[in-house]
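Student: structure of the sequence below:
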Amino acid sequence: MALDTIIHLKDVSVYQKENLVLTNVSFDIGKGEFVYLIGKTGSGKSSLMKVLYADLPMRDGEAIIAERSLQNIRPKHIPELRRNIGIIFQDFQLLHDRNVHDNLMFVMKATGWKDKNEMENRLQDVLNWVGLGTKGFKMPHQLAGGEQQRVVIARALINDPEIILADEPTGNLDPETSRDIMNLIFKLRDSGRAIIMATHDYSLLDDFPARVLKCEAGKVMEMVKRQPPVDVENEEE
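Tutor: Numbering: from 1, shown residues only. Reported below is the predicted structural model:
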C-alpha cells in the first residue's frame, strides 16, 4: 500500500443482507484522487459506498479507510471513521423543518462539536466555500436544487474529511447546474481530498475526465481511458 493511499480494498465481498453483490473487489485510491464509479442500476455502486462508510458490514477481504481497518470494526468506532468521510447524496437528505444553518449545526452536534464559537466559525466557513454565505437563514424548500446540493456539500465538509463519497450528486439537477456542482467537487479534489463519485451520467466522464471504476457482473473493473480517434488523413507516414 502506497504512502499516500487513503482507501485500500483487497478481495472485498459486498453483500446486501444475504445476497452477494460484488466479489473480490480490489483497488487503491490516493489522497487528492478523483474516481468515478459507474455501472447499471443494481450493479452494486451504492452498496460498495455503504461498505466504505460502514453502513454495510464487511465480511470478507481487507479494507483500510483513512488508516482505519473495517475488519471487525466495533460500533463505537464507526462515528470516528465517519468523521473522516463526507457523504453527498443525490436526494439531499436535508432536514426540512429547519433552516440551512440549523441543518449544519445538527450535524456538528451529532459529531461531537462543543464550542459554540468554533461551530459558528466553521459553519460560516463552509457556507462561504460553497457560495452560500448569506443563505444560512433559508429553509431547504426556499432553495433551488443546485443550492440544496451546495448545502449538502457544505454538510459533507463540516468535519474537514479526507474522503468524499458522492452518490449521484448531479442526478436531480439540470445540465448547467450539474456543471456548477462538478466544478465545486473538483475543487474539493484540488484541496487534497480523495473523492469517489457514483454516476449514471457518462457525459461527465468526457467533460470532467478522471479515473473510472465500473461495477459489472459482480466485479469492479478499472476502465481503460478512451483514446481520441486518429485522423488517418493527417497522420504522418
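Student: where along this protein do the strands fall?
Tutor: Secondary structure of the chain (DSSP state E): strands located at 5-16, 19-30, 34-38, 62-65, 68-69, 85-89, 163-167, 194-198, 211-216, 219-222.
Student: who does the fifth one pair up with?
Tutor: To tie it back to what came earlier, the one meant is strand 68-69. strand 62-65 (antiparallel) (DSSP bridges).
Student: let me know the average pLDDT across the strand it pairs with.
Tutor: For strand 62-65, mean pLDDT is 94.
Student: contacts for it, please.
Tutor: If you take C-beta atoms under 8 Å, 6 or more residues apart in numbering as the criterion, strand 62-65 is touched by 1, 5-12, 51-53, 69-71, 81, 84-85, 163. C-betas here are computed from N, CA, C, even on glycine.
Student: 10 Å - rerun?
Tutor: Residues outside strand 62-65 that contact it (C-beta atoms under 10 Å, 6 or more residues apart in numbering): 1, 5-12, 25-26, 28-29, 51-54, 58, 69-71, 73, 81-82, 84-85, 162-163, 194.
Student: any of the residues you listed buried? List them.
Tutor: 6-9, 12, 25, 29, 51-54, 58, 70, 73, 81-82, 84-85, 162-163, 194 (16 or more other C-beta atoms under 10 Å).
Student: returning to what we had before: using CSV, lay out the strands of the chain together with distance to Lys138.
Tutor: Shown next, in CSV, are the strands of the chain (distance: least, C-beta to C-beta, whole Å):
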stretch, distance to Lys138
strand 5-16, 34
strand 19-30, 35
strand 34-38, 30
strand 62-65, 34
strand 68-69, 36
strand 85-89, 19
strand 163-167, 23
strand 194-198, 26
strand 211-216, 36
strand 219-222, 39
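Student: and those: which comes nearest Gly112?
Tutor: strand 85-89 (14.7 Å; C-beta to C-beta).
Student: give me the number of residues near the residue nearest to Gln90 when sequence neighbours are not counted?
Tutor: Using C-beta to C-beta, 6 or more residues apart in numbering and skipping residues adjacent in sequence, the residue nearest Gln90 is Glu168, 3.7 Å away. Per other C-beta atoms under 10 Å, the neighbour tally for Glu168 reads 18.
Student: same deal with Asn121?
Tutor: Asn121 has 10 nearby residues by other C-beta under 10 Å.
Student: quick check: it touching Asp115?
Tutor: Yes - using C-beta atoms under 10 Å, Asn121 makes contact with Asp115 at a distance of 9.2 Å.
Student: quick one: Phe92 from Lys109, how far?
Tutor: Using C-beta to C-beta, to the nearest Å, one gets 20 Å for the distance from Phe92 to Lys109.
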